[in-house]
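>>> Give me a 3D structure for the following:
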Amino acid sequence: MSDSNDCDAPTSVLHIPVTTIDNRKTTLGELGAKAYLVVNTASKCGFTPQYKGLETLWQDYRDKGLQVAGFPCNQFGAQEPDNEEQIAKFCELNFGVSFPLFAKVEVNGKTAHPLFQQLKSEAPGLLGSEGIKWNFTKFLVDGKGEVIKRYAPATAPADMAKDIEALLN
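Numbering: from 1, shown residues only. All right, here's what the predicted structure looks like:
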């Protein structure tokens, strides 16, 4: 018989089902990392050049245990109107993205993906707000699934390196 508290415990963000950009079901935990950087992305946003910085972080730290996970979202200014195949091609051709990308999701509202519901709950934004304000909001998660920090869209990927290194050591 299982412990009755199991039903009440929140699911680790590492165990929430997600779909890859090429339509495979998985979880972040299956990527097997010491640190995860989860980002809601968009291809037609002023912050879109951050793809390059995210790729640099991934190239610099993946062998030490970092996984970067990009989740396209069209909720902010309709800046991600394309389908998954078009998004993947755009990211690879324009920014050399090779880190994992996932199927388009919503991050706010009643239809927000459960992963982002959990991330927002565990790492609220400014003044305790759970809502994501724009594309390229970033969440740093440790290898056990604990949400360590939330970063604003304007935070450059390079500015997160020190926090990432702390989780990889």
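
>>> Tell me how many other residues surround the nearest residue to Gln59 once chain neighbours are set aside.
Sequence neighbours aside, Ser98 is the residue nearest to Gln59 in space, at 8.0 Å (criterion: C-beta to C-beta, 6 or more residues apart in numbering). C-beta here means a position set from N, CA and C on the backbone, and glycine is covered the same way. Residues within reach of Ser98, counting by other C-beta atoms under 10 Å, total 13.

>>> Please point out which parts of stretch 159-169 sit buried.
Met160, Ala161, Ile164, Leu167 (16 or more other C-beta atoms under 10 Å).

>>> Let me see the confidence value for the nearest residue to Phe116 once chain neighbours are set aside.
Closest residue to Phe116 in three dimensions, ignoring its sequence neighbours and counting by C-beta to C-beta, 6+ apart: Val107, at 4.2 Å. Among the per-residue scores, Val107 holds a pLDDT of 97.

>>> Isn't Val107 up against Lys133?
No. The pair Val107 / Lys133 is not scored as a contact, 10.1 Å apart, by C-beta atoms under 8 Å.

>>> ok, back up a step: contacts only, for the residue nearest to Phe116.
When contacts are counted by C-beta atoms under 8 Å, 6 or more residues apart in numbering, Val107 is found next to Asn40, Phe71, Cys73, Gln75, His113, Phe116, Lys120, Ile132, Thr137.

>>> now with 7 Å?
Val107 is in contact with Asn40, Cys73, Gln75, His113, Phe116, Ile132, counting by C-beta atoms under 7 Å, 6 or more residues apart in numbering.

>>> With Thr41 instead?
Taking C-beta under 7 Å, 6+ apart, we find Thr41 in contact with Gly70, Phe71, Pro72, Cys73, Asn135, Phe136.

>>> Most neighbours among those, please name it.
Phe136 (28 neighbours).

>>> thinking again about what came up before, which phi and psi does the residue nearest to Phe116 have?
Its backbone dihedrals place Val107 at phi -110, psi -10, with angles given as degrees, to the nearest 10.

>>> distance of it from Asp82?
For Val107, the distance to Asp82 equals 17 Å [C-beta to C-beta, to the nearest Å].
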